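Visitor: my questions concern the predicted model and sequence given below.
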Amino acid sequence: MKIVVIGGTGLIGSKVVEKLKQKGHDTIAAAPNTGVDTITGEGLAEALDGAEIVIDLANSPSFEDQAAMDFFQTAGKNIVAAETAASVGHHIALSVVGTDRMQDSGYFRAKLAQEELIKSSPIPYTLLHATQFFEFLRAIAQTSTKGDTVHLPPVKFQPMAAEDVASAVVEVALGAPLNDTIEIAGPEIFTLDEPVREVLEFDGDSRDVIADPQAPYFGIQVSEETLVPGAGARLGSTRFDWWLTHVPPPPKRL
């Protein structure tokens, strides 16, 4: 079965491509660096020709409000057109738990617009809403740093390993389209400040993590339930403490 993974060279995409290839599927990693550009349309029709499944894992290169909206709208329309021409049978897209609850953010307004475009297209689909990845905890700390302190709201937080995200994507992609949204999350619930504090301590980072109820999350205010899934979410198996000691951190930028 031919499967195209848009964003197939990224953190989740590269894992999805490898898992699908291990299962014997003809899998294409579609990204600008492999000759497929969903914004210009370059290489898109050729990549999707004969594809039965398309998995969209691409993300906007900019979190600025209008740039994110332009990316998801333009890419989404180009993908739908190419999928329709190729008679693709299942479109899978990865989005974020709480997207509809974070509409004060231009980025999440853009993600919601992407979801609405998928729902209104003629292609059968499944949407996955994932909680934040363990792999982004250091980035959360960086965006929330003030001097030598990191201020984070102590709200419920249920992050998961990228490896578990990829496994869930593959499982959904090889199943029948749901024409619905499912949620995936990690096996443990923390408060947002707790795993960030543990990561920094593990790294020997001297920044102090402050549980600050007034602190924003990526620039917006969040409530106790904003970042966690509802009942019935599919849970990954990787526990945070295991991930912290077994998955090497990304190389530091010079």
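Guide: Ah, there it is.

Visitor: so after the longest helix along the chain, what's the next helix or strand?
Guide: Secondary structure of the chain per DSSP state H: the longest helix is helix 65-86. Sequence order places strand 90-96 as the next helix or strand after helix 65-86, per DSSP states H and E.

Visitor: okay, that next one in PDB with CA atoms only?
Guide: What follows is strand 90-96, C-alpha atoms only, in PDB (Å, rounded to 0.1, in the frame of the first residue of the first chain):
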ATOM      1  CA  HIS A  90      -7.900   8.200   4.000                       C
ATOM      2  CA  HIS A  91      -6.500  11.500   5.200                       C
ATOM      3  CA  ILE A  92      -4.900  11.600   8.700                       C
ATOM      4  CA  ALA A  93      -3.800  14.800  10.400                       C
ATOM      5  CA  LEU A  94      -2.100  15.400  13.700                       C
ATOM      6  CA  SER A  95      -3.400  18.300  15.800                       C
ATOM      7  CA  VAL A  96      -3.300  19.300  19.400                       C
END
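
Visitor: circling back to that earlier point, quick one: contacts of the longest helix of the chain?
Guide: Helix 65-86 is contacted from outside by 6, 38-39, 41, 44-45, 48-51, 54, 56, 58, 60-62, 91, 106-107, 109-111, 113-114, 117-118, 121-123, using C-beta atoms under 8 Å, 6 or more residues apart in numbering. For every residue, glycine as well, the C-beta is placed using N, CA and C.

Visitor: try it again with 6 Å
Guide: The contact list for helix 65-86, computed with C-beta atoms under 6 Å, 6 or more residues apart in numbering, reads 38-39, 41, 44-45, 48-49, 51, 54, 60, 106-107, 110, 113-114, 117, 121, 123.

Visitor: which positions in stretch 64-74 come out as buried?
Guide: Buried residues in stretch 64-74, defined by neighbour count with 16 or more other C-beta atoms under 10 Å: 68-69, 71-72.
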